[in-house]
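>>> need a 3D model of the following:
(chains A and B)
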Amino acid sequence: MNVVVFGCGRTGATLALTLAADHQVTVIEQNPEALKRLGYKHNCKVIIGSGLDEEIMAKANITNCDVFFAVTRGDNTNLFAGQIARIKYNVPKVCLRVADPHRAEAYRVMGYFCITPSALLAGMMRDWFLDNEYKGIDTYNVLPKELKL
Amino acid sequence: MYVILVGGGNVGIHLAKKLLAHDHEVLLLEKDARQAQKLATILGDEVVFLGDGCEISVQKACGFGRADAVIAVTGEDEDNLVVCQMAKVMWKVKRALARVNDPSHEKLFIQLGVDDVISATGIIFNMLEQQISSDSLVPLAAIAKGNIEVVEAHLSHRSPAVGKRVRELTLPVQTNIVWINRNGEGILVDGDTEITAGDEIVAVVPTDHAEELRRKLVPDSN
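Numbering: from 1, shown residues only, chains lettered A, B, ... in the order given. Down below sits the predicted model:
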């Protein structure tokens, strides 16, 4: 499968490296320094630039990709890039990292798969502490009612 | 109208001033504390709100739910998009407008639910395309589905308008001179304002009357 990962932070680099064994992975990242996280022996294609830029998306061969991950540290950047991937380039699977649980919930309502790291982490830590069995991602990846405004 | 502006840069400040001058209720959101303080001294405390316009708690505190329009004018396209989408989806705001910086995003923003976009790049490109020359009428923007144009005219001493007061120009119906750039400063205009050579006039004109306005301001080239 063709995978595009936008953002080479810890999450993006880990995702790219672990998928690259079996898939064709392209990493888009603005900061060349961040690409060091991939190490020196990797088989990802690397493009320096922004996933909001249509030339960069074309270079990443976005029209032929099976899945697009937006995992930069900017929630709005991820939300915009994900919508570009889906609406403009018809990418079948789009996954967005959105740190703000409220914003994530709003875009889930709009039909986007948004992962909120803090919600996953807190949920799994809670179950570890309580000796509960671990559950599926959708159980953790929600706006807890305690946070609702 | 209650208008919420997001982004307290130059565009936000001047838009806020304009809207206040027209007796609208205005709230300008700025997420940087120092910039917000500066804005408060210019516009007044009650006009400025310190916070990130993308956050639901901020949107709630600012009354997005009762806003007639939300206008996102930060320098970041992604922020402007998210503000507008949340305004539309979460708060059912009637009109959400966004400034776009990358012109390739214009069409996309509309597709993604933004009611209208303002593109400085697009406007400047259009001006260059029109090859701004002295004594011509340059379209800056088309609004209201193209029924109204914002135009600029740079007047040389040959302009038939020079030396006249605005009220003596007998402008076409429903046409207004909004402001004049004179010696690098913007001045607001009333009927007594005298037109001088070198003025750059910005006017709003029904598209049908643009040609009539041109004849009032620009000397006949023949």
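>>> using PDB, list the CA coordinates for the helix or strand where B:Lys38 lies.
Element membership for B:Lys38 (DSSP states H and E) is helix B:33-43. Only the C-alpha atoms of helix B:33-43 are listed here, as PDB (Å, rounded to 0.1, in the frame of the first residue of the first chain):
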ATOM      1  CA  ALA B  33      -1.200  38.500  25.300                       C
ATOM      2  CA  ARG B  34       1.100  41.300  24.400                       C
ATOM      3  CA  GLN B  35      -0.600  42.000  21.000                       C
ATOM      4  CA  ALA B  36      -4.000  41.800  22.700                       C
ATOM      5  CA  GLN B  37      -2.900  44.500  25.200                       C
ATOM      6  CA  LYS B  38      -1.700  46.700  22.400                       C
ATOM      7  CA  LEU B  39      -5.000  46.200  20.600                       C
ATOM      8  CA  ALA B  40      -6.900  47.100  23.700                       C
ATOM      9  CA  THR B  41      -5.200  50.500  24.000                       C
ATOM     10  CA  ILE B  42      -6.100  51.200  20.300                       C
ATOM     11  CA  LEU B  43      -9.600  49.900  20.200                       C
END
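>>> ok, and what's touching it?
B:Gly8, B:Gly12, B:Ile13, B:Ala16, B:Lys17, B:Leu20, B:Leu28, B:Glu30, B:Val47, B:Val48, B:Phe49, B:Leu50 (Cβ atoms under 8 Å, 6 or more residues apart in numbering or on different chains). To be clear about C-beta, it is placed using only N, CA and C from the backbone, and glycine gets the same treatment.
>>> list the buried residues in it.
B:Gln35, B:Ala36, B:Leu39, B:Ala40, B:Leu43 (16 or more other Cβ atoms under 10 Å in any protein chain shown).
>>> and the next helix or strand past it?
On the C-terminal side of helix B:33-43, the nearest following helix or strand under DSSP H and E is strand B:48-50.
>>> next secondary structure after the host helix or strand of A:Thr26?
Using DSSP H and E, A:Thr26 falls within strand A:24-29. Once strand A:24-29 ends, the next helix or strand along the chain (criterion: DSSP H and E) is strand A:45-48.
>>> chain center to that next one, what's the gap?
16 Å (Cα atoms, centre = their mean, to the nearest Å).
>>> same thing with stretch B:82-94?
Using Cα atoms, centre = their mean, the offset of stretch B:82-94 from its chain centre is 21 Å.
>>> closest to chain A among the buried residues of helix B:33-43?
Of all the buried residues of helix B:33-43, B:Gln35 has the smallest distance to chain A: 18.6 Å, by Cβ to the nearest Cβ.
>>> ok, the nearest residue in space to A:Lys135 that is not next to it in sequence - contacts?
Computed as Cβ to Cβ, 6 or more residues apart in numbering or on different chains, the closest residue to A:Lys135 that is not its neighbour in sequence is A:Asp127, at 7.2 Å. For A:Asp127, the contact set (Cβ under 8 Å, 6+ apart) comprises A:Glu133, A:Tyr134, A:Lys135.
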